[in-house]
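J.: Give me the fold of what follows.
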Amino acid sequence: MRLLLGIPYLGNRYFDVEVRLLTLGGECAALDTVAELGLAEKETLNTAERMLVDLAYLCEQIEVKGIAKAKITPEFLLDNLATDDYTLINEAIAELRKKHIDAGESLHNPETE
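T.: Residues are numbered from 1 along each chain as shown. Reported below is the predicted structural model:
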């Protein structure tokens, strides 16, 4: 997919993002990241902290072409990902999820058997 505003990094803007579904391994990695950020034990999170948790999961579901995976951290995205592009990425992930669910439903549809 292509972002509208792009992600700035080292003087350039990167627009091409690949999205994928969250796996169990990705969820474990996101939970580890949340713990490393010191947010797992907090009872109440402020707005930025809640967004960092969301971005920890998002980091496990995207690849930005031209930026090393290790550089795509929740803090990096919080500081560099535009709201419009954040929305686009989440919509693309939701569409991918729907596509996979629909594919599974069509395989088990009694009308097609």
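J.: for the chain, what spans make up the helices?
T.: 24-36, 47-59, 74-80, 83-107 (DSSP state H).
J.: Among the ones you listed, single out whichever gets nearest to residue 14.
T.: Nearest of the helices of the chain to residue 14, taken as Cβ to Cβ: helix 74-80 at 9.7 Å. Bear in mind the C-beta positions are built from the backbone N, C-alpha and C, glycine included.
J.: list the buried ones in that closest one?
T.: Buried residues in helix 74-80, defined by neighbour count with 16 or more other Cβ atoms under 10 Å: 74, 76-77, 80.
J.: just stretch 33-45 next, same as before
T.: 33-34, 37, 39.
J.: Next one: the closest residue to residue 33 other than its chain neighbours from residue 20, what distance?
T.: The shortest distance from residue 33 to any non-neighbouring residue, by Cβ to Cβ, 6 or more residues apart in numbering, is to residue 56 (4.2 Å). Distance, residue 56 to residue 20, by Cβ to Cβ, to the nearest Å: 15 Å.
J.: Compare the two and say which is more crowded by neighbours.
T.: residue 56 (25 against 12; other Cβ atoms under 10 Å).
J.: Can you check the pLDDT for the more buried one?
T.: With respect to pLDDT, residue 56 scores 98.
J.: Understood, closing this out.
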